[in-house]
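Colleague: Just a sequence and a predicted model for now, questions to come.
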Amino acid sequence: MSVKKERPANVRWEERTQTPLLVLAVAFGIAYAVPIVAPDADPWVHRLCSRVEWAVWGTFAVDYAVRLALAPSRWAFVRSHPLDLLAVLLPLVQPLRLLRLVSTLLLVGRRARMAPQVTLTTYVAGAVVGLMMFGSLAVLHVERDAPEGNIKTLGDAVWWSFTTMTTVGYGDHAPTTGLGRVLAVGLMLSGIALLGVVTANIAAWFIARFERDDAVERRQTELLEALTREVRELRAEVARLSDPLPRQPGAGPEGVSDRVPEGVPDGVPEGVPDGVPAPGGPSAPRA
């Protein structure tokens with residue numbers, strides 16, 4: 001009788017909290033975007049959004065603490081999850097809104113990579129959209145009130161984020177503050193990394209497709225070679241069966257013996273009565 005192996009407690013915790021944490025991440029994105037897109041909203045809206053941001057970050061921090069407590073080796077868990085620890089500690093060291101954004105994005109990215117239903121293509125597409133959206137909101141929040149800033153609307157911010165992530169950099173919009181330039185550097189590096197992943201993924205797809213085609217072609221070639229061998233063997237067998245019987249000694253051209261039976265005169269076929277001329281022989285004398 002087989003005994004089903006029980007999964008570790010930390011794995012069960014991660015599976016149970018995967019979907020709720022991703023839903024909270026969406027709530028965090030909305031709470032972060034509303035005060036930037038609608039800066040003239042009522043004060044209670046800003047307070048509510050700030051509390052939602054802190055609540056979501058706190059939930060991810062508790063999730064990290066629980067996973068650390070359930071890990072078989074806590075020191076190994078800390079060494080293998082340095083970004084998670086950094087994301088938990090940053091807002092405590094400096095409670096800036098931008099740091100809460102960076103920390104939450106790091107924690108969401110870590111949990112999304114652990115989800116078995118999230119493929120590489122889905123993860124890369126989500127990372128591109130998330131970085132572009134939050135990069136646009138962050139740079140707009142930093143640059144909108146700058147005296148010499150030229151990123152004043154959400155459209156300008158999205159355009160700047162797109163050109164920065166794709167490393168095009170038209171130069172029509174650029175951050176002027178120090179924090180805005182730090183955001184630009186992070187967005188550039190993230191864009192280069194994601195483009196590298198996309199390029200590698202496309203190259204791997206082409207290579208896998210060519211390998212499948214080569215495998216099919218090799219199988220077809222092997223089948224043709226096997227059929228050719230079988231046809232060659234069948235031809236050899238037919239030729240062997242079609243060969244004439246070996247000619248016996250004294251046989252005629254058709255393999256029929258030309259010996260005269262004993263007691264039969266030469267030139268007289270067997271079974272012809274005496275006195276009857278043989279076919280093709282001299283006529284019998286007339287009476």
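Modeller: Perfect, I can see it now. Numbers count the residues shown, from 1 in each chain.
Colleague: Three-state assignment for the residue most central in space within the chain, please.
Modeller: Centroid-nearest residue in the chain: Trp205, 6.4 Å away (criterion: C-alpha atoms, centre = their mean). Look at Trp205: counting by DSSP: H, G, I helix; E, B strand; the rest coil, its state is helix.
Colleague: mind checking how far it is from Val11?
Modeller: 30 Å (C-beta to C-beta, to the nearest Å). Placement of C-beta: from N, CA and C, glycine included.
Colleague: what ranges do the helices span in this protein?
Modeller: Ranges of helices in the chain, per DSSP state H, are 9-37, 43-70, 74-80, 82-93, 97-114, 120-143, 154-165, 178-242.
Colleague: Quick one, which of those helices gets closest to Gly171.
Modeller: helix 154-165 (8.7 Å; C-beta to C-beta).
Colleague: Let me see the residues that make contact with that closest one.
Modeller: 37, 128, 131-132, 135-137, 139-140, 143, 150-151, 169-170, 173-175, 184, 187-188, 190-191, 194 (C-beta atoms under 8 Å, 6 or more residues apart in numbering).
Colleague: tilt between that helix and helix 120-143?
Modeller: 130 degrees (axes from the mean of the first three to the mean of the last three C-alpha atoms, to 10 degrees).
Colleague: avg pLDDT for helix 154-165?
Modeller: Averaging pLDDT along helix 154-165 gives 88.
Colleague: mind exporting that helix as PDB, just the C-alpha atoms?
Modeller: Below are the C-alpha coordinates for helix 154-165, written out as PDB (Å, rounded to 0.1, in the frame of the first residue of the first chain):
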ATOM      1  CA  LEU A 154       0.100  60.900 -18.100                       C
ATOM      2  CA  GLY A 155       0.400  60.700 -21.900                       C
ATOM      3  CA  ASP A 156       3.900  62.300 -21.700                       C
ATOM      4  CA  ALA A 157       4.900  59.900 -18.900                       C
ATOM      5  CA  VAL A 158       3.700  56.800 -20.800                       C
ATOM      6  CA  TRP A 159       5.500  57.900 -24.000                       C
ATOM      7  CA  TRP A 160       8.700  58.500 -22.000                       C
ATOM      8  CA  SER A 161       8.400  55.100 -20.400                       C
ATOM      9  CA  PHE A 162       7.900  53.300 -23.700                       C
ATOM     10  CA  THR A 163      10.800  55.000 -25.400                       C
ATOM     11  CA  THR A 164      13.000  54.400 -22.300                       C
ATOM     12  CA  MET A 165      12.200  50.700 -21.900                       C
END
